[in-house]
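S.K.: following is a predicted model, sequence given first.
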Amino acid sequence: MTPDPGEKTSGKTTEAGKSWHQETVHLPSFYSPRSRPVQDTETTRHEEREEFSLSSVARPLSRTLEAPTATLSSIANSDAALPPPSLLSPAFTPPATPGTTTPRSEPPRSVPVDSSIPSGGCGTKKPRLLETLPEVQCIVRARIPTTGGTEMFLHLYTNNVDQKEHLAIVFGSHIRSTSLDAPREGETEMDRMVRGAYTGRLYPGRTQSGMIGPAAPAAPADADASDTTGQSGPPLVRIHSECYTGETAWSARCDCGEQLDEAARLMSLPSEENGGIIIYLRQEGRGIGLGEKLKAYNLQDLGSDTVEANLLLRHPADARSYGLATAMLLDLGHKEVRLLTNNPEKIRAVEGPNREVRVTERVAMVPLSWKGKGGFRSREVEGYLKTKIEKMGHMLDMGGFS
Ligand SMILES: Nc1nc2c(ncn2[C@@H]2O[C@H](COP(=O)(O)OP(=O)(O)OP(=O)(O)O)[C@@H](O)[C@H]2O)c(=O)[nH]1
(Lines give C-alpha, C1' and ligand atoms only; values in the text may rest on other atoms or scores of the structure.)
Protein backbone atom coordinates (compact mmCIF):
# COMPACT_ATOMS: atom_id res chain seq x y z
CA MET A 1 0.00 0.00 0.00
CA THR A 2 1.26 3.49 -0.79
CA PRO A 3 2.16 5.20 2.46
CA ASP A 4 -0.10 8.03 3.51
CA PRO A 5 1.80 11.24 2.64
CA GLY A 6 0.96 12.65 6.05
CA GLU A 7 2.25 9.59 7.86
CA LYS A 8 4.98 10.18 10.43
CA THR A 9 8.17 8.38 9.55
CA SER A 10 10.70 7.97 12.37
CA GLY A 11 8.74 10.48 14.41
CA LYS A 12 9.00 13.23 11.74
CA THR A 13 6.23 14.53 9.53
CA THR A 14 7.48 14.67 5.96
CA GLU A 15 7.33 17.81 3.78
CA ALA A 16 4.88 16.03 1.49
CA GLY A 17 2.82 15.28 4.56
CA LYS A 18 2.74 18.95 5.58
CA SER A 19 1.51 20.17 2.22
CA TRP A 20 -1.04 17.35 2.10
CA HIS A 21 -2.32 18.44 5.49
CA GLN A 22 -2.57 22.07 4.40
CA GLU A 23 -4.57 21.00 1.35
CA THR A 24 -7.05 18.93 3.34
CA VAL A 25 -7.88 21.86 5.63
CA HIS A 26 -9.68 23.39 2.66
CA LEU A 27 -11.58 20.28 1.72
CA PRO A 28 -15.37 20.23 2.16
CA SER A 29 -16.78 18.93 5.43
CA PHE A 30 -17.96 15.65 3.94
CA TYR A 31 -14.41 14.69 2.97
CA SER A 32 -13.65 11.42 4.75
CA PRO A 33 -11.76 12.11 7.95
CA ARG A 34 -8.33 10.65 8.60
CA SER A 35 -8.63 7.03 9.46
CA ARG A 36 -8.21 6.92 13.25
CA PRO A 37 -10.70 4.07 13.55
CA VAL A 38 -8.34 1.93 11.46
CA GLN A 39 -5.73 2.36 14.14
CA ASP A 40 -8.31 1.39 16.76
CA THR A 41 -9.21 -1.64 14.71
CA GLU A 42 -5.62 -2.72 14.48
CA THR A 43 -5.20 -2.36 18.22
CA THR A 44 -8.37 -4.28 18.91
CA ARG A 45 -7.40 -7.09 16.57
CA HIS A 46 -4.02 -7.27 18.25
CA GLU A 47 -5.68 -7.44 21.67
CA GLU A 48 -8.05 -10.12 20.44
CA ARG A 49 -5.14 -12.13 19.17
CA GLU A 50 -3.46 -12.08 22.55
CA GLU A 51 -6.61 -12.79 24.48
CA PHE A 52 -7.55 -15.77 22.36
CA SER A 53 -4.16 -17.20 21.49
CA LEU A 54 -4.93 -20.42 19.67
CA SER A 55 -2.86 -22.54 21.99
CA SER A 56 -4.94 -21.42 24.96
CA VAL A 57 -8.19 -22.65 23.49
CA ALA A 58 -7.26 -25.54 21.28
CA ARG A 59 -5.42 -28.78 21.78
CA PRO A 60 -2.89 -29.31 19.05
CA LEU A 61 -4.87 -30.43 16.02
CA SER A 62 -2.83 -33.62 15.63
CA ARG A 63 -3.94 -34.77 19.08
CA THR A 64 -7.53 -33.75 18.43
CA LEU A 65 -7.61 -35.73 15.23
CA GLU A 66 -6.55 -38.86 17.08
CA ALA A 67 -9.63 -38.57 19.33
CA PRO A 68 -12.11 -41.34 18.60
CA THR A 69 -15.31 -40.16 16.96
CA ALA A 70 -17.28 -41.29 20.04
CA THR A 71 -15.86 -38.35 22.00
CA LEU A 72 -17.15 -35.78 19.52
CA SER A 73 -20.31 -35.03 21.44
CA SER A 74 -18.33 -34.33 24.58
CA ILE A 75 -16.22 -31.89 22.61
CA ALA A 76 -19.40 -30.31 21.25
CA ASN A 77 -20.84 -29.80 24.70
CA SER A 78 -17.67 -28.48 26.22
CA ASP A 79 -17.78 -24.78 27.06
CA ALA A 80 -14.03 -24.75 26.71
CA ALA A 81 -14.47 -25.16 22.99
CA LEU A 82 -14.82 -21.42 22.40
CA PRO A 83 -14.04 -20.49 18.84
CA PRO A 84 -11.00 -18.34 18.28
CA PRO A 85 -12.04 -15.18 16.50
CA SER A 86 -11.32 -15.11 12.83
CA LEU A 87 -7.75 -13.88 12.54
CA LEU A 88 -8.40 -12.96 8.98
CA SER A 89 -9.77 -9.63 7.99
CA PRO A 90 -12.78 -10.73 5.99
CA ALA A 91 -12.53 -9.65 2.39
CA PHE A 92 -15.44 -7.49 1.38
CA THR A 93 -17.93 -9.85 -0.18
CA PRO A 94 -20.44 -8.06 -2.32
CA PRO A 95 -23.80 -9.75 -2.58
CA ALA A 96 -24.20 -11.91 -5.64
CA THR A 97 -26.03 -10.22 -8.45
CA PRO A 98 -29.74 -10.71 -8.07
CA GLY A 99 -32.03 -11.44 -10.95
CA THR A 100 -29.54 -13.41 -13.04
CA THR A 101 -31.50 -16.65 -12.86
CA THR A 102 -34.52 -17.48 -15.00
CA PRO A 103 -37.20 -14.98 -13.99
CA ARG A 104 -40.14 -16.54 -12.14
CA SER A 105 -42.80 -14.53 -10.45
CA GLU A 106 -44.83 -16.62 -8.00
CA PRO A 107 -44.69 -15.02 -4.56
CA PRO A 108 -42.91 -17.13 -1.93
CA ARG A 109 -45.06 -19.56 0.08
CA SER A 110 -44.85 -19.19 3.83
CA VAL A 111 -46.04 -20.91 7.02
CA PRO A 112 -47.12 -19.09 10.21
CA VAL A 113 -44.67 -19.17 13.10
CA ASP A 114 -45.14 -18.62 16.82
CA SER A 115 -41.86 -19.20 18.56
CA SER A 116 -43.39 -18.66 22.02
CA ILE A 117 -44.96 -22.12 21.86
CA PRO A 118 -42.81 -25.24 21.39
CA SER A 119 -44.86 -26.47 18.44
CA GLY A 120 -44.91 -23.04 16.86
CA GLY A 121 -43.00 -23.98 13.76
CA CYS A 122 -39.45 -23.31 14.80
CA GLY A 123 -38.13 -26.50 16.35
CA THR A 124 -37.36 -27.14 19.99
CA LYS A 125 -33.71 -26.10 20.30
CA LYS A 126 -33.09 -22.98 22.40
CA PRO A 127 -30.29 -20.80 21.02
CA ARG A 128 -27.81 -18.90 23.15
CA LEU A 129 -29.09 -15.33 23.54
CA LEU A 130 -27.29 -12.29 24.89
CA GLU A 131 -29.10 -10.48 27.71
CA THR A 132 -29.10 -7.20 25.87
CA LEU A 133 -29.05 -6.33 22.22
CA PRO A 134 -25.91 -4.82 20.75
CA GLU A 135 -25.89 -1.17 19.70
CA VAL A 136 -25.75 -0.64 15.97
CA GLN A 137 -25.35 2.43 13.82
CA CYS A 138 -25.86 2.73 10.09
CA ILE A 139 -23.07 5.00 8.94
CA VAL A 140 -23.71 5.09 5.21
CA ARG A 141 -26.34 4.05 2.69
CA ALA A 142 -26.10 4.04 -1.08
CA ARG A 143 -28.36 3.15 -3.99
CA ILE A 144 -27.23 0.14 -6.00
CA PRO A 145 -28.82 -0.36 -9.41
CA THR A 146 -28.44 -4.08 -10.07
CA THR A 147 -27.82 -5.87 -13.33
CA GLY A 148 -31.21 -7.54 -12.89
CA GLY A 149 -32.90 -4.13 -13.13
CA THR A 150 -33.99 -3.84 -9.49
CA GLU A 151 -32.58 -1.15 -7.28
CA MET A 152 -31.54 -1.80 -3.73
CA PHE A 153 -30.02 0.29 -0.97
CA LEU A 154 -26.90 -1.00 0.69
CA HIS A 155 -26.66 0.04 4.36
CA LEU A 156 -23.35 -0.33 6.15
CA TYR A 157 -23.43 -0.74 9.93
CA THR A 158 -20.94 -0.44 12.75
CA ASN A 159 -21.65 -1.81 16.24
CA ASN A 160 -20.30 -2.02 19.78
CA VAL A 161 -19.40 -5.73 19.79
CA ASP A 162 -17.06 -6.28 16.85
CA GLN A 163 -15.10 -4.33 14.26
CA LYS A 164 -16.78 -5.83 11.22
CA GLU A 165 -18.84 -4.04 8.57
CA HIS A 166 -22.20 -5.81 8.70
CA LEU A 167 -24.64 -4.92 5.94
CA ALA A 168 -28.33 -4.56 5.30
CA ILE A 169 -29.33 -4.95 1.67
CA VAL A 170 -32.66 -3.17 1.46
CA PHE A 171 -35.27 -3.59 -1.28
CA GLY A 172 -37.78 -0.74 -1.13
CA SER A 173 -36.82 2.86 -0.52
CA HIS A 174 -39.56 3.26 2.14
CA ILE A 175 -37.42 1.18 4.55
CA ARG A 176 -35.31 3.71 6.47
CA SER A 177 -32.62 3.46 9.08
CA THR A 178 -33.31 5.50 12.21
CA SER A 179 -29.64 5.81 13.11
CA LEU A 180 -28.71 6.93 9.59
CA ASP A 181 -31.47 9.51 9.38
CA ALA A 182 -30.72 11.04 12.78
CA PRO A 183 -28.95 14.38 12.28
CA ARG A 184 -25.27 14.62 13.27
CA GLU A 185 -23.98 17.64 15.06
CA GLY A 186 -22.53 20.28 12.80
CA GLU A 187 -23.23 18.48 9.56
CA THR A 188 -24.19 20.24 6.37
CA GLU A 189 -26.86 19.24 3.89
CA MET A 190 -24.06 17.97 1.65
CA ASP A 191 -22.71 15.80 4.51
CA ARG A 192 -26.15 14.24 4.90
CA MET A 193 -26.52 13.46 1.23
CA VAL A 194 -23.04 11.98 1.02
CA ARG A 195 -23.74 9.54 3.84
CA GLY A 196 -27.07 8.63 2.24
CA ALA A 197 -29.46 10.41 4.64
CA TYR A 198 -31.67 11.94 1.99
CA THR A 199 -35.14 11.37 0.61
CA GLY A 200 -35.99 10.62 -2.99
CA ARG A 201 -33.12 10.44 -5.45
CA LEU A 202 -29.82 12.19 -5.77
CA TYR A 203 -29.11 14.06 -8.99
CA PRO A 204 -26.34 16.35 -10.17
CA GLY A 205 -26.70 19.76 -8.55
CA ARG A 206 -29.04 18.71 -5.72
CA THR A 207 -28.38 20.78 -2.61
CA GLN A 208 -30.98 19.73 -0.04
CA SER A 209 -31.27 16.33 1.65
CA GLY A 210 -35.04 16.71 1.96
CA MET A 211 -34.99 15.83 5.65
CA ILE A 212 -36.37 18.29 8.17
CA GLY A 213 -37.10 18.02 11.89
CA PRO A 214 -34.78 16.53 14.51
CA ALA A 215 -34.93 12.84 13.62
CA ALA A 216 -37.71 11.87 11.27
CA PRO A 217 -37.51 12.30 7.52
CA ALA A 218 -40.10 14.66 6.09
CA ALA A 219 -42.52 13.55 3.39
CA PRO A 220 -40.18 13.80 0.42
CA ALA A 221 -41.04 16.64 -1.88
CA ASP A 222 -38.83 15.16 -4.56
CA ALA A 223 -39.26 11.46 -3.82
CA ASP A 224 -39.45 8.92 -6.57
CA ALA A 225 -42.61 6.86 -6.91
CA SER A 226 -41.14 3.87 -5.06
CA ASP A 227 -41.02 5.90 -1.84
CA THR A 228 -44.77 5.96 -1.53
CA THR A 229 -46.09 2.47 -2.29
CA GLY A 230 -48.68 1.15 0.19
CA GLN A 231 -47.05 -1.17 2.71
CA SER A 232 -49.39 -3.23 4.82
CA GLY A 233 -47.41 -5.96 6.52
CA PRO A 234 -44.01 -7.27 7.51
CA PRO A 235 -41.25 -7.33 4.91
CA LEU A 236 -39.55 -10.47 3.67
CA VAL A 237 -36.26 -10.85 5.53
CA ARG A 238 -33.24 -13.07 5.05
CA ILE A 239 -30.49 -13.26 7.64
CA HIS A 240 -27.51 -14.43 5.72
CA SER A 241 -24.06 -15.32 7.02
CA GLU A 242 -21.05 -14.59 4.89
CA CYS A 243 -19.78 -17.42 2.69
CA TYR A 244 -16.84 -16.34 0.54
CA THR A 245 -16.53 -19.75 -1.07
CA GLY A 246 -20.20 -20.15 -1.98
CA GLU A 247 -20.88 -16.54 -2.98
CA THR A 248 -17.65 -15.52 -4.68
CA ALA A 249 -15.53 -18.60 -5.43
CA TRP A 250 -18.28 -20.65 -7.14
CA SER A 251 -18.14 -23.45 -4.54
CA ALA A 252 -20.57 -26.33 -5.04
CA ARG A 253 -19.97 -27.50 -1.46
CA CYS A 254 -22.89 -25.42 -0.19
CA ASP A 255 -25.92 -23.55 -1.53
CA CYS A 256 -25.10 -20.19 0.08
CA GLY A 257 -24.65 -18.32 -3.23
CA GLU A 258 -27.90 -19.70 -4.59
CA GLN A 259 -29.73 -18.75 -1.39
CA LEU A 260 -28.46 -15.17 -1.55
CA ASP A 261 -29.49 -14.83 -5.21
CA GLU A 262 -32.87 -16.39 -4.55
CA ALA A 263 -33.54 -14.13 -1.55
CA ALA A 264 -32.76 -11.05 -3.65
CA ARG A 265 -34.93 -12.35 -6.49
CA LEU A 266 -37.92 -12.95 -4.21
CA MET A 267 -37.55 -9.51 -2.62
CA SER A 268 -37.56 -7.92 -6.08
CA LEU A 269 -40.90 -9.45 -7.07
CA PRO A 270 -43.69 -6.90 -7.60
CA SER A 271 -45.82 -8.89 -5.13
CA GLU A 272 -43.36 -8.02 -2.33
CA GLU A 273 -44.73 -4.54 -1.87
CA ASN A 274 -43.67 -4.46 1.80
CA GLY A 275 -40.10 -4.63 0.60
CA GLY A 276 -37.30 -6.89 1.68
CA ILE A 277 -34.18 -6.85 3.81
CA ILE A 278 -31.15 -9.11 3.61
CA ILE A 279 -29.13 -8.77 6.79
CA TYR A 280 -25.67 -9.81 5.69
CA LEU A 281 -23.63 -10.78 8.74
CA ARG A 282 -19.87 -11.17 8.52
CA GLN A 283 -19.80 -14.48 10.33
CA GLU A 284 -17.97 -16.51 7.73
CA GLY A 285 -18.03 -20.28 8.04
CA ARG A 286 -20.82 -20.31 10.66
CA GLY A 287 -18.69 -17.98 12.71
CA ILE A 288 -15.35 -19.81 12.62
CA GLY A 289 -13.76 -17.64 9.91
CA LEU A 290 -12.56 -18.45 6.41
CA GLY A 291 -9.22 -19.98 7.40
CA GLU A 292 -10.86 -22.46 9.75
CA LYS A 293 -13.60 -23.22 7.24
CA LEU A 294 -10.99 -24.14 4.64
CA LYS A 295 -9.43 -26.55 7.15
CA ALA A 296 -12.92 -27.96 7.70
CA TYR A 297 -13.21 -28.52 3.93
CA ASN A 298 -10.03 -30.59 4.02
CA LEU A 299 -11.40 -32.63 6.92
CA GLN A 300 -14.59 -33.13 4.91
CA ASP A 301 -12.51 -34.46 2.02
CA LEU A 302 -10.94 -36.79 4.57
CA GLY A 303 -14.37 -38.19 5.46
CA SER A 304 -15.96 -35.93 8.12
CA ASP A 305 -19.30 -34.23 7.67
CA THR A 306 -19.61 -30.47 8.19
CA VAL A 307 -20.49 -30.77 11.89
CA GLU A 308 -17.75 -33.30 12.69
CA ALA A 309 -15.18 -31.17 10.86
CA ASN A 310 -16.00 -28.14 13.05
CA LEU A 311 -15.80 -30.25 16.20
CA LEU A 312 -12.48 -31.81 15.19
CA LEU A 313 -11.14 -28.27 14.85
CA ARG A 314 -12.38 -27.56 18.39
CA HIS A 315 -15.14 -25.21 17.26
CA PRO A 316 -18.83 -25.51 18.07
CA ALA A 317 -20.94 -26.97 15.27
CA ASP A 318 -22.35 -23.45 14.84
CA ALA A 319 -20.58 -20.47 16.42
CA ARG A 320 -22.97 -17.79 15.19
CA SER A 321 -25.20 -15.32 16.99
CA TYR A 322 -27.95 -13.08 15.66
CA GLY A 323 -28.24 -10.17 18.11
CA LEU A 324 -26.77 -7.81 15.52
CA ALA A 325 -29.45 -8.84 13.05
CA THR A 326 -32.18 -8.15 15.62
CA ALA A 327 -30.72 -4.71 16.36
CA MET A 328 -30.36 -3.88 12.66
CA LEU A 329 -33.97 -4.89 11.94
CA LEU A 330 -35.17 -2.65 14.76
CA ASP A 331 -33.04 0.19 13.43
CA LEU A 332 -34.71 -0.34 10.04
CA GLY A 333 -38.09 0.03 11.74
CA HIS A 334 -39.30 -3.57 11.63
CA LYS A 335 -40.54 -5.46 14.68
CA GLU A 336 -42.33 -8.09 12.61
CA VAL A 337 -40.76 -10.01 9.77
CA ARG A 338 -41.38 -12.89 7.41
CA LEU A 339 -38.16 -14.87 7.60
CA LEU A 340 -36.62 -16.84 4.75
CA THR A 341 -34.90 -19.77 6.42
CA ASN A 342 -34.91 -23.48 7.22
CA ASN A 343 -32.88 -22.98 10.38
CA PRO A 344 -35.03 -23.19 13.57
CA GLU A 345 -32.27 -21.73 15.73
CA LYS A 346 -32.14 -18.62 13.57
CA ILE A 347 -35.88 -17.98 14.05
CA ARG A 348 -35.67 -18.00 17.83
CA ALA A 349 -32.36 -16.16 17.95
CA VAL A 350 -33.37 -13.27 15.73
CA GLU A 351 -36.40 -12.58 17.89
CA GLY A 352 -33.97 -11.38 20.57
CA PRO A 353 -33.80 -11.96 24.34
CA ASN A 354 -37.15 -10.25 24.99
CA ARG A 355 -38.82 -10.98 21.67
CA GLU A 356 -37.91 -7.52 20.45
CA VAL A 357 -38.63 -8.76 16.91
CA ARG A 358 -41.34 -11.26 15.99
CA VAL A 359 -41.10 -13.76 13.16
CA THR A 360 -44.69 -14.01 11.98
CA GLU A 361 -44.09 -16.38 9.08
CA ARG A 362 -41.33 -18.62 7.83
CA VAL A 363 -40.59 -18.95 4.15
CA ALA A 364 -38.67 -22.15 3.37
CA MET A 365 -35.50 -22.02 1.30
CA VAL A 366 -35.73 -25.13 -0.83
CA PRO A 367 -32.74 -25.77 -3.12
CA LEU A 368 -33.73 -24.84 -6.69
CA SER A 369 -32.60 -28.21 -8.06
CA TRP A 370 -35.00 -30.00 -5.69
CA LYS A 371 -37.85 -28.01 -7.20
CA GLY A 372 -36.64 -28.63 -10.75
CA LYS A 373 -36.04 -24.90 -11.18
CA GLY A 374 -32.39 -24.72 -12.12
CA GLY A 375 -29.76 -24.63 -9.40
CA PHE A 376 -27.03 -27.25 -9.27
CA ARG A 377 -26.29 -30.65 -7.81
CA SER A 378 -23.06 -32.01 -6.40
CA ARG A 379 -22.09 -34.81 -4.06
CA GLU A 380 -20.73 -32.22 -1.62
CA VAL A 381 -23.83 -30.03 -1.45
CA GLU A 382 -26.03 -33.09 -0.91
CA GLY A 383 -23.83 -34.07 2.06
CA TYR A 384 -23.94 -30.49 3.37
CA LEU A 385 -27.75 -30.36 3.23
CA LYS A 386 -28.17 -33.89 4.65
CA THR A 387 -26.03 -32.95 7.67
CA LYS A 388 -28.08 -29.76 8.20
CA ILE A 389 -31.28 -31.82 8.25
CA GLU A 390 -30.01 -34.77 10.30
CA LYS A 391 -27.73 -33.02 12.77
CA MET A 392 -28.81 -29.38 12.89
CA GLY A 393 -32.58 -29.81 12.76
CA HIS A 394 -33.09 -27.82 9.56
CA MET A 395 -36.67 -27.87 8.39
CA LEU A 396 -36.16 -29.33 4.94
CA ASP A 397 -37.78 -32.45 3.58
CA MET A 398 -35.33 -35.32 3.03
CA GLY A 399 -37.48 -36.23 0.00
CA GLY A 400 -35.43 -33.66 -1.90
CA PHE A 401 -32.60 -36.17 -2.21
CA SER A 402 -33.28 -38.31 -5.26
N1 LIG B 1 -17.95 -24.33 9.16
C2 LIG B 1 -18.51 -24.43 7.96
N3 LIG B 1 -19.30 -23.43 7.56
C4 LIG B 1 -19.87 -23.55 6.33
C5 LIG B 1 -19.65 -24.65 5.49
N6 LIG B 1 -20.34 -24.44 4.35
C7 LIG B 1 -20.97 -23.26 4.48
N8 LIG B 1 -20.69 -22.70 5.67
C9 LIG B 1 -21.17 -21.46 6.29
O10 LIG B 1 -22.49 -21.66 6.67
C11 LIG B 1 -23.15 -20.40 6.72
C12 LIG B 1 -24.48 -20.55 5.97
O13 LIG B 1 -25.33 -19.79 6.63
P14 LIG B 1 -26.78 -19.35 6.16
O15 LIG B 1 -26.81 -19.05 4.72
O16 LIG B 1 -27.18 -18.28 7.12
O17 LIG B 1 -27.66 -20.63 6.35
P18 LIG B 1 -28.14 -21.47 7.55
O19 LIG B 1 -27.99 -20.88 8.89
O20 LIG B 1 -27.49 -22.78 7.41
O21 LIG B 1 -29.70 -21.65 7.35
P22 LIG B 1 -30.73 -21.16 6.30
O23 LIG B 1 -31.24 -19.84 6.80
O24 LIG B 1 -31.78 -22.19 6.32
O25 LIG B 1 -30.06 -21.08 4.98
C26 LIG B 1 -22.20 -19.40 6.11
O27 LIG B 1 -21.56 -18.65 7.14
C28 LIG B 1 -21.18 -20.27 5.38
O29 LIG B 1 -19.91 -19.67 5.30
C30 LIG B 1 -18.80 -25.69 5.97
O31 LIG B 1 -18.57 -26.69 5.31
N32 LIG B 1 -18.26 -25.53 7.21
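M.R.: Everything's here; your move.
S.K.: doesn't I139 belong to a strand?
M.R.: Yes. Looking at I139 with DSSP: H, G, I helix; E, B strand; the rest coil, it is inside a strand.
S.K.: what separation do you get for it and R192?
M.R.: 12 Å (CB to CB, to the nearest Å). (C-beta placed from N, C-alpha, C; glycine too.)
S.K.: beta partners for R238?
M.R.: Applying DSSP bridges to R238 gives these bridge partners: I278.
S.K.: that one is in contact with L281, isn't it?
M.R.: No. Counting by CB atoms under 8 Å, L281 is not a contact partner of R238; they are 10.8 Å apart.
S.K.: excluding its backbone neighbours, what's nearest Y384?
M.R.: C254 (5.1 Å; CB to CB, 6 or more residues apart in numbering).
S.K.: now F401
M.R.: E382 (6.2 Å).
S.K.: how many residues are close by the one you found?
M.R.: 15 (other CB atoms under 10 Å).
S.K.: so it lies in a helix, does it not?
M.R.: Yes. Counting by three-state DSSP, E382 is part of a helix.
S.K.: and it, how close does it get to the ligand?
M.R.: 13 Å (CB to the nearest ligand atom, to the nearest Å).
S.K.: just use 893 as the starting number from now, easier for me
M.R.: Done: numbering now begins at 893, and the last item shifts to E1274.
S.K.: before we move on, back to that, quick one, which of R1130 and L1173 is more surrounded?
M.R.: Neighbours were counted for R1130 and for L1173 using other CB under 10 Å; R1130 has more, 26 against 20.
S.K.: residues contacting the more buried one?
M.R.: 1151-1152, 1155, 1159, 1168-1171, 1231-1233 (CB atoms under 8 Å, 6 or more residues apart in numbering).
S.K.: ok, now R1033?
M.R.: The contact partners of R1033, by CB under 8 Å, 6+ apart, come to 1045-1048, 1062, 1069, 1072, 1087-1089.
S.K.: buried subset of those, written for ChimeraX?
M.R.: Buried residues among the contacts of R1033 (16 or more other CB atoms under 10 Å), as a ChimeraX selection:
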select :1045,1046,1047,1048,1062,1069,1072,1087,1088,1089
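S.K.: quick one: low-confidence parts of this structure?
M.R.: Along the chain, segments meeting pLDDT under 70 span 893-1001, 1005-1022, 1104-1123, 1294.
S.K.: in it, which spans are helices?
M.R.: 907-917, 928-943, 946-949, 953-958, 964-969, 1070-1073, 1081-1086, 1136-1139, 1148-1160, 1182-1193, 1198-1204, 1215-1223, 1236-1242, 1271-1284 (DSSP state H).
S.K.: reformat the contacts of R1033 as JSON lines; add distance to T1252.
M.R.: Output for these, formatted as JSON lines (distance: CB to CB, whole Å):
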{"residue": "F1045", "distance to T1252": "23"}
{"residue": "L1046", "distance to T1252": "26"}
{"residue": "H1047", "distance to T1252": "23"}
{"residue": "L1048", "distance to T1252": "27"}
{"residue": "V1062", "distance to T1252": "19"}
{"residue": "S1069", "distance to T1252": "22"}
{"residue": "L1072", "distance to T1252": "25"}
{"residue": "R1087", "distance to T1252": "32"}
{"residue": "G1088", "distance to T1252": "29"}
{"residue": "A1089", "distance to T1252": "29"}
